[in-house]
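Novice: build me a model from this:
(chains A, B and C, ligands or ions: 2)
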Amino acid sequence: MPIELEIFFEHILNGLTLGGLYALVTLGLALTFSVIDLVNFAHGDLFMMGSYTLFVLLTLESIVLPYWLIIPIVIVAVAFYAVVLERVAIHPIINKSWRTHAVTTLGLSIILQNAALIIFTGDPRQTPTALTASIVSPFGIRISMQRIVVLVVTIVVFVGLQWFVRRTKTGKSMRAVSQNPAMCEVVGINVRRMATITFAIGGAITGLAAVLIAPLFSVFPNMGALLTLKALAAIVMGGMGHVNGAIYAAFLLGIVEALFGGYVSFAYKDVISFGLFILVLFVRPRGIFGRRVGL
Amino acid sequence: MSQGAARSTRLPRWGRVALAISLVLLALALPRLTSSGYAINAMITTVRWMIFALSFDLVAGHAGAVSLGHPVFFGVGAYVAAILGPRLGLTFISDMLLAAVLMALLALLAGIAFFRIRGVTFAIGTLGAAIIAQLIANNAFTITRGPMCIQGVARPELTIPFTETTLRVAEPIQYYYLSLPLLFITIIIYLALTSSRLGRAFTAVREDEVRAFAVGVSPLRYKLLALTVGAGIVGALGSFQAHYVTVVCPSEMSLALTTTLLIIVFVGGVGSFRGVMIGALIFSILPRLLEAGGTQAISPALQQVVYGVILVAVMVFMPGGLDDLVSRVTRRLRKAGPREEQQP
Amino acid sequence: MAANEFALELRNVFSGYGEIEVLQDVSISVRRNAIVSILGANGAGKSTLLKTIFGIVRPTSGQILLGGDDVTLLPPIETLRRGVSYVPEGRSNFPGLTVHENLEMGAYIRDDRDGVLADIKTLYERFPILGEKRDAMAGNLSGGQQQALEMGIALMLRPQVILIDEPTLGLAPILVTEVFKAIQDINDGGTTVVLVEQNAPRALEISDYAFVLELGRIRFQGPAQELAANEEIIEAYLGER
Ligand SMILES: Nc1ncnc2c1ncn2[C@@H]1O[C@H](COP(=O)(O)OP(=O)(O)OP(=O)(O)O)[C@@H](O)[C@H]1O
Ligand SMILES: [Mg+2]
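Specialist: Ligands and ions are numbered 1, 2, ... in the order given. So this is what the prediction gives:
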């Protein structure tokens, strides 16, 4: 393969992994947004907390935990963090306006980022796993196993979530809550409980994202802020509340960033993705894929 | 959200005038009470946050548009002073005016674009725009020098009218007296825009845009008015800041400023003059008190955690903010005290 | 036996929204297996009455009895468990769920999956159009079909009492006839019906008994035929709209 083409494919692969990262982070946020109509500005910080949980588990002095065991621990941990946030701060304001939602969750974000800064300092931390180092090279393109795992898992989670919301009773009632919460009371669906369940699921997905993706990048206290905004951009571009649309938009952002960063300017890659987002906002305020009812 | 609070503790007219005059006198006399540059710096910071927060509250509190990009106007205003001012050979005052006008224009354009977007999407969009602005400030090295910052912005030189003397401003106390007119102008604009008929129109827009439209109030016009004026004020403030610290960095438009604004305005009492002023005072003084009283300097991170906890606690338990608390306390005191005519 | 004679009773109920008091001293008795209509002009408080019975709006005083049991302050979920279903006014389904899924949501508090599926099948026989559209999104059905679906959702709990709020609003005349026929069917199946309607003459045709609300108070009550025959009442309270 000519070297130009090889480089091109490498950028595309990087874009897909990045898209996978954005998609997984977006998935949890889109879920809570579409079910309980709340935009959680602290969502990316859950990813940060998951990443530090991974870091702590990898650097335990007393025992060496295998990665396959760490994965479920981080997933459960982040689901737990999410439920605690929901119970403590979000539950009491759930029926208030979007302004209250935004300010409260931004407040949570400040707390979490600075708490992480106090506990772990601002130094970037690495969380390498066995998979990061193992390189495979299909068709001459060198890629770490970790990236392949990220892509595969993103697709599996996406399909799994589709199955869950279409086929299970809990999934169907989550969709019911997203479409008509007033009617839920009439048939006996406990909207508040569904909100907690949704946060738990969103947290679990974010935990999975963190445990798989943190090894590819470095971990630092405000790593979540940019991720939150990327996920929000994907959600808006996908058409608020249209979960599938948000996922496609997340991949689009990842690929655009990788290509722009690779060929034009690395420094401005985020400017391009946010610029794309603002452009979509002005040209198609209802998102690229149009708006749908609920989940 | 807060008009009830304002109603419940209105002082009689003469009382308000007296209070205003004594507060102005206090503001003028304050630096005379101390000789510490540290204290005077704290006063300047307080004035700065008051101006910043009042201008933000015009947009977020009164027009109901929680813009997360407000500090951009501050930062760009500062860059105008640092980059354009010297090239155009402008003086301190005309520099501030230029920044105010340019930021008002920028806000007008931004408002026309962004006010088509409703609800939380507006907050997300403005946050995106703010990040773009900050990334550009960080990376456009040839213009802003990025994180190296632009240094050596000229200190103000004021020509005293009808005399030949020019005053070179360098001392904190001089800066303090320079900042006061900006504060007073801001207060007058804020009160003019939010009291009486105009204020009611704003309330209508914030509470229910569709209904506001139905009763003949154009939401877009009022939101644009609030945003343009707010941006003009904060642009001038940014210019002042540049001439004061003489250094302009990308952090002048950082998200940390946005969160501080949110804290001041929402903890103080969104949409309430008194609340915002109290909020600005507390959050300018508090960190210094913690420093002075506590064991050594409290780390900025811990301070932010405390702020965050206060903000979340206020949103959950006391949505009206401190303003509402003050109202309730004074009402309680009045009830407990000698019987008095009930206000209608 | 007195307790069993009435499926539903309200005694001197006051209720409303915060400061706004809507229902004032409302007393109502609904006999078992009856169809009882609540009539009245816009804003009379008819919907508030149903919401108060169901538990969405809490009464400030008075008593609500179901089959003799006091349920005054119980939340909706408990009212549901005691066999009371509610069909709110306006569109009240899940527009992005299929017809089938909507019916499943109607049976949300039931645990017998097989029983639920059997009941859905029975319902498809009663309303064949729902069976035909079982995989269509509820939001894509016509107004009449959605109304049928909404009654179907309420029937999934095999309720003893069903509260229906203005089921014919905005429907074409033929559909109105069908809806009233369906309500009679439901009643024939042994369910007590409390019906709120603007279309007083048609409602009185199928009702056993009726109450007339005005500004939150009961103005008249009596057997449906008597009210239907009373020109004075028809003119004064149930006049043309
Ligand atoms: N959620 C609410 N909050 C405050 N007031 C309400 C609310 N819902 C209804 N009201 C008021 O209560 C009164 C009775 O309303 P209700 O909906 O019960 O009337 P209705 O008889 O059902 O009228 P319609 O024929 O229009 O359905 C009205 O004055 C209405 O404005
Ligand atoms: Mg009604």
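Novice: biggest helix in chain C, by residue count?
Specialist: helix C:173-188 (DSSP state H).
Novice: near chain A, which residues of the stretch 201-344 of chain B show up?
Specialist: Contact residues (CB under 8 Å from any CB of the partner chain) of the stretch 201-344 of chain B with chain A: B:255, B:259, B:262-263, B:266, B:299, B:301-302, B:304-305, B:307-309, B:311-312, B:315-316, B:319. (C-beta placed from N, C-alpha, C; glycine too.)
Novice: got a quick ChimeraX command for the buried subset of those residues?
Specialist: Typed into ChimeraX, the line below selects the buried ones among those, using 16 or more other CB atoms under 10 Å in any protein chain shown:
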select /B:255,259,262,263,266,301,304,305,307,308,309,311,312,315,316,319
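Novice: who's in contact with stretch A:280-290?
Specialist: For stretch A:280-290, contacts defined as CB atoms under 8 Å, 6 or more residues apart in numbering or on different chains pick out A:236-240, A:242, A:244-245, A:248-249, B:113, B:116-117, B:121, B:125, B:128.
Novice: where does chain C have its least confident helix or strand?
Specialist: The helix or strand of chain C with the lowest confidence, counting by mean pLDDT, DSSP states H and E, is helix C:2-5 at a mean of 62.
Novice: in what helix or strand does the residue of chain A found nearest ligand 2 lie?
Specialist: In chain A, the residue that lies nearest ligand 2 is residue A:182 (14.3 Å; CB to the ion). Here residue A:182 sits within helix A:181-187, counting by DSSP states H and E.
Novice: give me the number of residues near the nearest residue to residue C:51 once chain neighbours are set aside?
Specialist: Setting aside the residues directly before and after it, residue C:51 is nearest to residue C:57 in space (CB to CB, 6 or more residues apart in numbering or on different chains), at 4.2 Å. Counted by other CB atoms under 10 Å in any protein chain shown, the residues lying close to residue C:57 total 18.
Novice: so what pLDDT did residue C:57 get?
Specialist: pLDDT recorded at residue C:57 is 95.
Novice: is it true that it touches residue C:15?
Specialist: Yes - under the contact definition of CB atoms under 8 Å, residue C:57 touches residue C:15, with a separation of 5.6 Å.
Novice: can you show me the helices along the stretch 1-150 of chain B?
Specialist: Here the stretch 1-150 of chain B has its helices, by DSSP state H, counting those that start in this stretch, at B:3-8, B:13-29, B:37-57, B:70-79, B:85-88, B:92-114, B:119-139, B:141-144.
Novice: any low-confidence regions in the stretch 201-344 of chain B?
Specialist: B:202, B:205, B:210-217, B:292-298, B:336-344 (pLDDT under 70).
Novice: as a check, name the ranges of all strands in it.
Specialist: For the stretch 201-344 of chain B, the strands defined by DSSP state E, counting those that start in this stretch occupy B:247-248.
Novice: same question for chain C.
Specialist: Chain-ordered strands for chain C, with DSSP state E as the definition, fall at C:6-17, C:20-31, C:35-40, C:59-66, C:69-70, C:84-87, C:161-165, C:192-196, C:209-214, C:217-223.
Novice: so can I have TSV of those strands showing mean neighbour count?
Specialist: As requested, those are arranged in TSV below (neighbours: other CB atoms under 10 Å in any protein chain shown):
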stretch	mean neighbour count
strand C:6-17	19
strand C:20-31	18
strand C:35-40	26
strand C:59-66	17
strand C:69-70	11
strand C:84-87	25
strand C:161-165	24
strand C:192-196	24
strand C:209-214	23
strand C:217-223	16
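Novice: ok, which of those strands comes nearest chain A?
Specialist: Smallest distance to chain A across those (CB to the nearest CB): 5.5 Å, for strand C:84-87.
Novice: which strands or helices does that closest one pack on?
Specialist: helix C:46-54, helix C:143-155, strand C:161-165 (3 or more CB pairs under 8 Å, 6 or more residues apart in numbering or on different chains; DSSP states H and E).
Novice: so for residue A:55, which of these sits nearest?
Specialist: Of all those, helix C:143-155 sits nearest to residue A:55, with 49.5 Å by CB to CB.
Novice: and the contacts of the closest one?
Specialist: A:187, C:85-87, C:91-93, C:99, C:102-103, C:105-106, C:119, C:123, C:127, C:129-130, C:133, C:138, C:141, C:162, C:164, C:167-168, C:170-172, C:175, C:178-179, C:182-183, C:186, C:191.
Novice: out of those, which end up buried?
Specialist: Buried residues within these, counting neighbours by 16+ other CB under 10 Å: A:187, C:85-87, C:92-93, C:99, C:102-103, C:105-106, C:119, C:123, C:127, C:130, C:133, C:138, C:141, C:162, C:164, C:167-168, C:171, C:175, C:178-179, C:182-183, C:186, C:191.
Novice: list the buried ones in stretch C:70-77?
Specialist: Judged by neighbour count using 16+ other CB under 10 Å, the buried positions of stretch C:70-77 are C:71-72, C:74, C:76-77.
Novice: closest to residue A:56 among these?
Specialist: Among the buried residues of stretch C:70-77, and counting by CB to CB, the member closest to residue A:56 is residue C:77, at 41.6 Å.
Novice: with adjacent residues omitted, what lies nearest to the closest one?
Specialist: Here the residue nearest residue C:77, using CB to CB, 6+ apart, is residue A:188, at 5.1 Å.
Novice: what's the neighbour count on the one you found?
Specialist: 22.
Novice: same thing with residue B:158?
Specialist: Applying other CB under 10 Å, we find 15 residues neighbouring residue B:158.
Novice: what's opposite it in the beta bridge?
Specialist: Beta-bridge partners for residue B:158, by DSSP bridges, are residue B:167.
Novice: distance of the nearest residue to residue B:245 once chain neighbours are set aside from residue B:84?
Specialist: Closest residue in space to residue B:245, ignoring its immediate chain neighbours: residue B:153 at 8.0 Å, by CB to CB, 6+ apart. Residue B:153 sits 11 Å away from residue B:84, taking CB to CB, to the nearest Å as the criterion.
Novice: who has more neighbours, the two?
Specialist: For residue B:153 versus residue B:84, the count of surrounding residues by other CB under 10 Å is larger for residue B:153: 23 against 15.
Novice: tell me the pLDDT of the more buried one.
Specialist: Residue B:153 carries a pLDDT value of 80.
Novice: just for chain C, where's the confidence low?
Specialist: In chain C, residues with pLDDT under 70: C:1-4, C:237-241.
Novice: can you name the residue of it nearest to chain B?
Specialist: For chain C, the residue closest to chain B is residue C:19, as judged by CB to the nearest CB, at 13.7 Å.
Novice: for residue 42, grab phi and psi.
Specialist: The chain I'm using is chain A. phi -100, psi 10 (degrees, to the nearest 10).
Novice: wait, I meant chain C there
Specialist: phi -60, psi 140.
Novice: in contact with residue C:31, which residues are there?
Specialist: Counting by CB under 8 Å, 6+ apart, residue C:31 has contacts C:5-7, C:192, C:208-209.
Novice: could I get those as TSV with distance to residue B:281?
Specialist: Formatted as TSV, the contacts of residue C:31 follow (distance: CB to CB, whole Å):
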residue	distance to residue B:281
C:5	69
C:6	64
C:7	63
C:192	64
C:208	70
C:209	67
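Novice: and of the residues you listed, the nearest to residue B:335?
Specialist: Checking those one by one against residue B:335 (CB to CB), the nearest turns out to be residue C:6, at 47.8 Å.
Novice: surely the closest one and residue C:30 touch.
Specialist: Yes - using CB under 8 Å, residue C:6 is in contact with residue C:30, at 6.1 Å.
Novice: give me the contacts around stretch B:255-265.
Specialist: With CB under 8 Å, 6+ apart as the criterion, stretch B:255-265 contacts A:103, A:106-107, A:110, A:225, B:49, B:52-53, B:56-57, B:60-61, B:68-71, B:74, B:127, B:130-131, B:134, B:275-276, B:279-280, B:283, B:304, B:307, B:310-311.
Novice: keep only those residues that also lie close to chain C.
Specialist: Counting by CB under 8 Å from any CB, no member of those is near chain C.
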